[in-house]
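> what follows is a predicted structure for the sequence shown.
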Amino acid sequence: MVEVAVGGLTVADRLDALARAVVAGREVLPADLVAAAAAVEDRAGHRMRLSADHTVVAFAGATGSGKSSLVNAVTGVDVAAVDVLRPTTSEALALVRGEEGSAPLLDWLGIRRRHVLDQDADPAPAPDGPSRRPWSRPQADGALVLLDLPDHDSVVVEHRLEAERLVALVDLMVWVVDPQKYADAAIHDRYLRGLTGHRDVLLVALNQVDRLPPAERDACAADLTRLLADDGLAGVPVLLTSARTGEGVDALRDRLDDAARRREAATARTLADVRDVAERIRRESAPVTPVPPAARRDLVRALEVAAGVPLVTDAVRAG
């Protein structure tokens, strides 16, 4: 992970502040919130020690959304299993661009199935569509680990739990939805609505748009954008894609290449996690909760630092 100072504070500064906030409020904070803060610290600690060259991207989606087909289209290889039987993806698959240094990262993620992308491979023919070019070299566009996750709505509980586990660990999330199920409450209530602080590390792909006439496609995209705004995710990019025809695949590749080149997604994900837990602690520590004055001062100060408040305060004072 690249150590970047945001608002004059490094990731380590904010993690330390979060830890102090938990200590200050340990007598009143719920056990699940303390556990959530510990999980953020644990994830960040591991991620900061592992490859800073790789950006880990998860493709998550519902059964039948065409997630695995889109993974194949993006990478230019037919590795992710695609079938009419559901669920198809029973175990996460990692496709690695830039193998060097990726093994410890994949071990930490707990990914057993791994495929190293051959940058010199010839373009693969896509069924009923144009040839797919292999992804460009990692030296130019950055190293990537792309994960094809099990379906988040799989009838197999273990598949859903594995998808949720990895969504909590990756740097960047691509949620793949389709015209039939993009409005399902399961994805909005259970997943997207809980990611309001993670806009910078979230993309949404409306897949299978080739099945829709132009007017319906535009209406579908507009409705999805509205639903995301209702989820608190206004401004999150919505890409229209088709794994079958290749529409939108280059645009999605460009987004992932840009994230890999900048190598900031891991830091942005950690900062989003810290802000999310800090906000939950702030709400839990409202005046109705009996907190000793000294502990309250320590807690408030730690939360201010974790959220970057001193930077805003200094700017206002200077103005």
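Nice, I can see it. Here the structure is a predicted model, which is why all the values come from computation and not from measurement.
> show me the shaky parts of the stretch 51-200 of the chain.
Counting by pLDDT under 70, the ranges of the stretch 51-200 of the chain that qualify are 81-89, 118-140.
> residues contacting Ala94?
Leu106, Leu109, Ile111, Arg113, Arg114, His115, Val145, Leu146, Leu147 (CB atoms under 8 Å, 6 or more residues apart in numbering). Bear in mind the C-beta positions are built from the backbone N, C-alpha and C, glycine included.
> make sure the last one is indeed in a strand.
Read it as Leu147. Yes. According to DSSP: H, G, I helix; E, B strand; the rest coil, Leu147 belongs to a strand.
> touching, it and Ala58? I think so.
Yes. Leu147 is within contact range of Ala58, at 4.5 Å (criterion: CB atoms under 8 Å).
> number of residues surrounding Arg263?
With neighbours defined by other CB atoms under 10 Å, the count for Arg263 comes to 19.
> wait, what's in contact with it?
So Arg263 contacts Val2, Ala52, Asp53, Thr55, Gly142 (CB under 8 Å, 6+ apart).
> what of Asp184?
Ala62, Asp153.
> what about 7 Å?
Going by CB atoms under 7 Å, 6 or more residues apart in numbering, Asp184 touches Ala62.
> show the backbone phi and psi for it.
phi -60, psi 130 (degrees, to the nearest 10).
> for the protein, what spans make up the strands?
54-61, 93-97, 113-116, 124-125, 131-132, 143-148, 172-177, 202-206, 238-240 (DSSP state E).
> ok, the third one: who's next to it in the sheet?
Paired neighbours of strand 113-116 in the sheet (DSSP bridges): strand 93-97 (parallel).
> can you pull the contacts of Asp273?
Val40, Arg43.
> distance of it relative to Met173?
Counting by CB to CB, to the nearest Å, the separation of Asp273 from Met173 is 12 Å.
> thinking again about what came up before, got JSON lines for the strands of the chain, with distance to Leu9 too?
Formatted as JSON lines, the strands of the chain follow (distance: least, CB to CB, whole Å):
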{"stretch": "strand 54-61", "distance to Leu9": "22"}
{"stretch": "strand 93-97", "distance to Leu9": "32"}
{"stretch": "strand 113-116", "distance to Leu9": "36"}
{"stretch": "strand 124-125", "distance to Leu9": "45"}
{"stretch": "strand 131-132", "distance to Leu9": "43"}
{"stretch": "strand 143-148", "distance to Leu9": "27"}
{"stretch": "strand 172-177", "distance to Leu9": "22"}
{"stretch": "strand 202-206", "distance to Leu9": "23"}
{"stretch": "strand 238-240", "distance to Leu9": "31"}
